[in-house]
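*Asks:* Only the shape, not the letters, is given here:
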DNA sequence: AGATTGACTGCAT
DNA sequence: CATGCAGCCAATC
């Protein structure tokens, strides 16, 4: 396999490795990809077409919360995560200590 | 080619 | 504990 799948596909591949009921932060993804800053991770997901097989909803900010505005698509995202088994507290945050992804090799 | 923005993060105040 | 600032890399204007 070639090392160069394109920046976005690279990120998509990492996100696709996140197991259900688990969430990862943008910085975590960026660190695993080892090729870009969290901004590019967010951008890559922002350009994701609807109907993709990438569980973009499992990628959230470092605080363990939905990054998008709660009055936007974020409400839909939280619904999906709860359906995956991820629980949110009153602040709409997840427990990264429990649901936080440790990485593809761990 | 230069400036601006973006689903971010971490530290300092 | 809330807010501000700087760093980061790629895409778009």
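*Replies:* Sure, I can see it. Remember, it's a predicted structure, so these values are computed and weren't measured experimentally.

*Asks:* Quick check: the closest residue to DNA strand C within chain A vs DNA strand B, distance?
*Replies:* Taking CB to the nearest atom of the strand, DNA strand C has its nearest neighbour within chain A at residue A:37, 3.6 Å off. Just so you know, the C-beta spots here come from the backbone N, C-alpha and C atoms, and that holds for glycine as well. Computed with CB to the nearest atom of the strand, to the nearest Å, the distance linking residue A:37 and DNA strand B is 6 Å.

*Asks:* near DNA strand C, which residues of chain A?
*Replies:* Taking CB under 7 Å from any atom of the strand as the criterion, chain A approaches DNA strand C at residues A:7, A:35, A:36, A:37, A:38, A:39, A:40, A:43, A:47.

*Asks:* Any stretches of chain A with poor pLDDT?
*Replies:* For chain A, applying pLDDT under 70 flags the ranges A:1-4, A:106.

*Asks:* show me where chain A has strands.
*Replies:* Remark: strands assigned in chain A by DSSP state E are A:24-25, A:59-60.

*Asks:* Same list (these) but as TSV, adding mean neighbour count.
*Replies:* Compiled in TSV, the strands of chain A are given as follows (neighbours: other CB atoms under 10 Å):
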stretch	mean neighbour count
strand A:24-25	24
strand A:59-60	26
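
*Asks:* Need these in TSV (columns: distance to residue A:80).
*Replies:* Listed next are the strands of chain A as TSV, based on distance: least, CB to CB, whole Å:
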stretch	distance to residue A:80
strand A:24-25	15
strand A:59-60	12
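
*Asks:* how about these, which one is nearest residue A:103?
*Replies:* Closest approach to residue A:103 among those (CB to CB): strand A:24-25, 8.5 Å.

*Asks:* Partner strands of the closest one and their direction?
*Replies:* strand A:59-60 (parallel) (DSSP bridges).

*Asks:* rewinding a little: which one of the strands of chain A lies closest to DNA strand B?
*Replies:* Of the strands of chain A, nearest to DNA strand B by CB to the nearest atom of the strand is strand A:24-25, at 3.9 Å.

*Asks:* quick one, what contacts the residue nearest to the spatial centre of chain A?
*Replies:* Centre of chain A computed as the mean C-alpha position; nearest residue by CA atoms, centre = their mean is residue A:59, 1.2 Å away. Residue A:59 is in contact with A:15, A:18, A:23, A:24, A:25, A:26, A:29, A:41, A:45, counting by CB atoms under 8 Å, 6 or more residues apart in numbering.
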